[in-house]
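Participant: Sequence below, structure please.
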Amino acid sequence: MKLHCEVEVVSRHLPALGLRNRGKGVRAVVSLCQQSAGNQRRPQASSDPGSQPPAFLFISTMKDRHGTRYQQLKENIEQFFTKFVDEGKATVRLKEPPVDIRLSKANASSLKGFLSALRLAYRGCGINTQLSTPTPVKTSEFEKFKTKMLITSKKDYPLNKNFPHFLEHLQTSYCGLLRVDARMLCLKNLRKLDLSHNHIKKLPATVGDLIHLQELNLSDNHLESFSVALCQSTLQKSLRSLDLSKNKIKALPIQFCQLHELTDLKLDDNQLIRFPFKIGQLTNLHFLSAARNKLLFLPSEFKMLSLEYLDLFGNPFEPPEVLPTIKLQAPLTLLELSARTVLNNRIPYGPHIIPFHLCQDLDTAKTCVCGRFCLNSFIQGTSAMNLHSFSHTVVLVDNMGGTEAPIISYFCSLACYVNSSDMLK
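Facilitator: Next up is the predicted model:
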């Protein structure tokens, strides 16, 4: 009986010696074994001539394929720790030697079956499942449980076999890929996916099914967009780093700002003409790079960001307009009044309550400098803002040593504009 998982064996004598365990498991095959009667070096004395030889644990790793034995299990297990067994984690505490065998990253159902067999072995009961024999584990048996795979040439790309199911980090660069391989989308443990330096033009919505994905590198491809479906997928809760540099993206959807966990965003060398105007919702963003694009100005919500690093070098920012654009309506339309009431009072809305086109209008409402909202009635102005206002480190905007860029501001009324007129100077 075998269990594929990560194992860390911790001696309980370490704290008394002032030592600490390294705190990291290694991929292993844990076997519940039974020495065949003919190969037993020390036959067990027993009144029952038909009794089975005692079971023992056999742990094999890639570095030690011949394995380590924990010879006696009967009445030698002090405690089972199974609080997180549904997450594929458990600990078996042995009396002698005094060690804790920590199991992790195991299949939950396989782990439960393995622990049940261990309990039977501890009690000295018969185990219905056929037990393994203590033989060295083949290297090929570890291959399919690899957690990291780096492929950097076309000739090394696997065409006739699947990727190891337990991969957490996959890089396939310089492979000439025209699309995302469907086999990658079955790797539910993926945390880092690097598809840089390929020819990918479109991302399938099923990339959003990789529920643990934290880092996605798509630099140097042929992408022209980032789909709304991905912005509204499980990536909202998992994705922390996104590299879209060296593509052909002209704009990101409004829904892009629903990727609330993003901390690092690279958009260099695209064709961006604007940032999504709700970018201020990316409250966890610390690193933002969008050099060498076609940005003319920054959205008003850019001021809500709190960055550690910002690079906007090489964008053709326009000088601030002297005169504002006035689109005030008097009196306000019913649509404008209703929209402002819903947004200012944070009233929930959705396509199940109001028509879809009204939801789109509310999603694209402008934020006034006073914090209130406006839809179609507003004053728009631009002003030069020092980028150090929202970033600790700023790369120069141009070769002249500037760190200022034009930022759009909206005013929901003439009173707001007059009270904030110094912003446009």
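
Participant: can you pull the contacts of the residue nearest to Met304 when sequence neighbours are not counted?
Facilitator: Among residues not flanking Met304 along the chain, Gly280 sits closest, at 3.1 Å (CB to CB, 6 or more residues apart in numbering). C-betas here are computed from N, CA, C, even on glycine. Gly280 is in contact with 257, 299, 301-305, 367, counting by CB atoms under 8 Å, 6 or more residues apart in numbering.

Participant: Also Ala291?
Facilitator: Applying CB under 8 Å, 6+ apart, the residues contacting Ala291 are 268-269, 311-315, 395.

Participant: And it, how far from Asn189?
Facilitator: Look at Ala291 and Asn189: by CB to CB, to the nearest Å, they are 34 Å apart.

Participant: Same question for Ile279.
Facilitator: Relative to Asn189, Ile279 is positioned 31 Å away (CB to CB).

Participant: out of the two, which sits in the busier spot?
Facilitator: Per other CB atoms under 10 Å, whichever of Ile279 and Asn189 has more neighbours is Ile279, with 22 against 16.

Participant: just checking, the more buried one touches Leu305?
Facilitator: Yes - using CB atoms under 8 Å, Ile279 is in contact with Leu305, at 6.9 Å.

Participant: mind checking how far Ser225 is from Asn270?
Facilitator: Counting by CB to CB - Ser225 and Asn270 are separated by 11 Å.

Participant: So for those two, which residues contact both of them?
Facilitator: 249-250.

Participant: higher neighbour count, these two?
Facilitator: Asn270 (24 against 16).

Participant: wait, doesn't that one sit right on Ala251?
Facilitator: No - in this structure Asn270 lies outside contact range of Ala251 using CB under 8 Å: 9.6 Å.

Participant: Surely the residue nearest to Met304 forms part of a strand?
Facilitator: No - Gly280 is assigned helix when assessed by DSSP: H, G, I helix; E, B strand; the rest coil, not a strand.

Participant: Need the pLDDT of it.
Facilitator: At Gly280, the model reports a pLDDT of 90.

Participant: go on, Asn39?
Facilitator: 49.

Participant: next one: the host helix or strand of Val342 to chain centre, how far?
Facilitator: In this assignment (DSSP states H and E), Val342 forms part of helix 334-344. Its chain's C-alpha centre and that of helix 334-344 lie 37 Å apart, by CA atoms, centre = their mean, to the nearest Å.

Participant: so what secondary structure elements neighbour that helix?
Facilitator: Helix 334-344 sits against helix 356-363, strand 373-374, with contacts defined as 3 or more CB pairs under 8 Å, 6 or more residues apart in numbering; DSSP states H and E.
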